[in-house]
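below: sequence and its predicted model.
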Amino acid sequence: MSSETLVVPLVDQLDAFFGQYTAAGQSPGLVYGLVGTDGLEHTRGFGTADDDGTAPDADTIFPIASMTKSFVALGALLARDRGLLDLEAPITDFYPEWHGTVGDEPAAAPTLRQLLSMGGGLTEDNSWVDPFLGLSEAELVERIRPGFNYSTHPGSAFEYSNIGFTMAGLAVGKAVSRRVEDWVTDEILHPLGMNSTWFDNRAPEEGFRRAVGYSLNTDGDWVGFPPAVSDAMAAAGGMQSTINDLSIWVRFLAAATQPASTPASSDDAVVSRASRRELQRIHQVDIPSLQARPEGTWKFVTGGYALGLFVREDLHRGRIVTHSGGLPGFILNMVWHAGSGKGVVVFTNSHRSNPVALSEDALFRALAFHDTPARTVQPWPETHRLMSAADELIRSWDDGTAAAIFADNIDFDRPLSQRRAAIDELIAQVGPLLRDRGAPEVVSAATPADITWSIPAERGELICMIHLTPVRPAQIQEFEVIAVERSVPRAARPTDISARRRAYARPTVSSLPNTRVL
């Protein structure tokens, strides 16, 4: 039997993958977008968006619910950057009515950062908040006046709290002297060209197509919900958007976690790369878990909550950033790979089944299709220069060269005479070394200051590794060389020989080997 096959285009695979969702009756409609480093690469809608039978597309407006939180959190960072807000200030600086206890013990008021990162100590409240979306600020303050029962002391654990995030959003508005809705709209949405994204309490009266959210009644018929309008709780989940606009958002955030192609860009004029990275950095660690998938496989989940975003570390693909949203009649999700900028955005207009898992599966299909590395490391010029110098030193030892390229700790940790003798023994084991054919062959790199390379030999190879000092002029602070005989299969040869990282038990499963080195 021939093994010859034709590769099905990725977008055809994804269209078929998402099309089954509405075909199986999980939702009247679904629309998704595949995002790359330049924005939306492909989109497709299925089923119906409303009672008229209109198919959803990339311009159909959906409420994005809790996906709102990333916009508000970035608005808070922007206010901090402009000197208008202290994220370490307690919420009581803005709302002195706030108070609570952990059991019988009074608790310190959480900071704005803790509330924005779901570390405010409040218990999870997703089941409770939907009827309160339209509360005014005054009504909400009266709700909290009697006080809170904290689950944990603020800052000590992750627990998802809409009301805590809401109060932080209101505090941002006080700090910038306008509603947080207007601050985010004027300072972030409009500069990014996200002109079809708005808070529901700021929505235009016409000029757009709105998806209807549905639920099944007892007869099995889809019944629509009236659109919700938020007030004080807008910061926790009051925005509306499109696939086109959220593709801009995903590209904008993901660009900050990849190597900068230019010193500055128009993105940086909106919010700095540093603040966008801070938005996507874990602030509260969640409990690791091993999850059983329906098809019988297992998924190891570790990570936590950043600022308005979840961040997970996949054992092969590395960092995944995501946030879902849910309202009566809607489940939605955005998810992207920090190392490559590839992402998926999915909107559905029912609250059945699990389009969040669907979107994550689609992203991993896209990453697998392109064999995407977990991350990209671009070594410093000094790293390449000192790698070449160390390569030459190994081939032909020179005390002067050793003194120039090694930091003081190298001889202190192990005398150079012993290192030289050990290298001679390794060369005798696999050598002689083959003639230099140009730049050394890079095996791996963990950071820009850290690189591992191979020196071919007649009966195997030497695997060599250096790690540079943090101060200038850069020198080598870690230097390792091992011999691998030709009889060892390539797949079994080590790619990382750092003594520091060898301290972990082996074998270790991590995304570190799946790194692209520039």
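Structure's in. What do you need?

nearest spatial neighbour of Glu485, skipping sequence neighbours?
Leaving aside its sequence neighbours, Glu485 sits nearest to Gly460 (Cβ to Cβ, 6 or more residues apart in numbering; 4.2 Å). For glycine as for every other residue, the C-beta is placed from the backbone atoms N, C-alpha and C.

brain fart, Ala422
Using Cβ to Cβ, 6+ apart, the nearest residue to Ala422 is Val481, at 7.5 Å.

local confidence estimate at the one you found?
Looking at Val481, its pLDDT is 96.

cool, the one 3 residues further on as well?
Val484 is assigned 95 on the pLDDT scale.

was I right about it contacting Arg459?
No - counting by Cβ atoms under 8 Å, Arg459 is not a contact partner of Val484; they are 9.9 Å apart.

the more surrounded of those two?
Val484 (21 against 14; other Cβ atoms under 10 Å).

and the residue nearest to Glu485, what is it in contact with?
Residues in contact with Gly460 (Cβ atoms under 8 Å, 6 or more residues apart in numbering) are 429-430, 483-488.

now do 6 Å
430, 484-486 (Cβ atoms under 6 Å, 6 or more residues apart in numbering).

follow-up on the earlier one: what's the neighbour count on the residue nearest to Ala422?
Using other Cβ under 10 Å as the criterion, Val481 is surrounded by 18 other residues.

let's verify Gly341: helix, strand, or coil?
Recorded secondary structure, Gly341: coil (DSSP: H, G, I helix; E, B strand; the rest coil).

confirm for me that it is in contact with Leu253.
No - taking Cβ atoms under 6 Å as the definition, Gly341 is not a contact partner of Leu253, at 9.3 Å.

which one's more surrounded, those two?
Remark: of Gly341 and Leu253, Leu253 carries more neighbours, 24 against 21, as counted by other Cβ under 10 Å.

for Tyr305, see how far away Ala157 is.
For Ala157, the distance to Tyr305 (Cβ to Cβ, to the nearest Å) stands at 11 Å.

where does pLDDT dip in this structure?
Applying pLDDT under 70 to the chain flags the ranges 1-4, 261-264, 502-508.

element containing the residue nearest to the spatial centre of the chain, please.
Taking Cα atoms, centre = their mean, the centroid of the chain lies closest to Val321, which sits 2.6 Å from it. Applying DSSP states H and E as the criterion places Val321 in strand 318-327.

show me what the helix or strand that comes right after that strand pairs with in its sheet, parallel or antiparallel.
Using DSSP H and E, the next helix or strand after strand 318-327 towards the C-terminus is strand 330-337. Here strand 330-337 is paired, per DSSP bridges, with strand 318-327 (antiparallel), strand 343-348 (antiparallel).

other SSEs contacting the next helix-or-strand element following the last one?
Translated: strand 343-348. Scanning forward in sequence from strand 343-348 by DSSP H and E, the next helix or strand is helix 355-369. Packing partners of helix 355-369 (3 or more Cβ pairs under 6 Å, 6 or more residues apart in numbering; DSSP states H and E): helix 10-23, strand 330-337, strand 343-348.

most tightly surrounded among the ones you listed?
Mean neighbour count (mean count of other Cβ atoms under 10 Å) peaks for strand 343-348 among these, with a mean of 30.

that one versus helix 10-23: what angle between them?
In terms of direction (axes from the mean of the first three to the mean of the last three Cα atoms, to 10 degrees), strand 343-348 departs from helix 10-23 by 20 degrees.

helices of the stretch 201-350 of the chain, residue ranges please.
234-237, 243-255, 266-270, 273-279 (DSSP state H, counting those that start in this stretch).

out of the contacts of Gly460, who's nearest Ala446?
Val484 (19.1 Å; Cβ to Cβ).

hang on, isn't that closest one packed against Arg493?
Yes - with contact defined as Cβ under 6 Å, Val484 counts as touching Arg493 (5.0 Å).

assumed Glu425 was part of a helix.
Yes - under three-state DSSP, Glu425 falls within a helix.

where does it sit relative to Asp398, distance-wise?
Separation of Glu425 from Asp398 (Cβ to Cβ): 19 Å.

also Ser289?
53 Å.

mind checking the SS state of Tyr32?
strand.

quick revisit: which among the helices and strands packed on helix 355-369 is found nearest to Asp57?
Asp57 lies closest, by Cβ to Cβ, to one member of these: strand 343-348, at 10.4 Å.

what sits up against the closest one?
27, 30-33, 35, 62, 243, 246, 250, 331-336, 355, 359, 362-363.

quote the end-to-end distance of stretch 470-490.
33 Å (Cα to Cα, to the nearest Å).

centre of the chain versus it, how much separation?
Here stretch 470-490 is found 31 Å from its chain centre; the criterion is Cα atoms, centre = their mean, to the nearest Å.

now stretch 27-34
With Cα atoms, centre = their mean, you get 22 Å for stretch 27-34.

next one: stretch 250-257
Taking mean C-alpha positions (Cα atoms, centre = their mean), stretch 250-257 and its chain are 9 Å apart.

what's the answer for stretch 485-498, then?
That offset, for stretch 485-498, works out to 31 Å (Cα atoms, centre = their mean).

for stretch 42-51, same thing?
27 Å.

cool, thanks, talk later.
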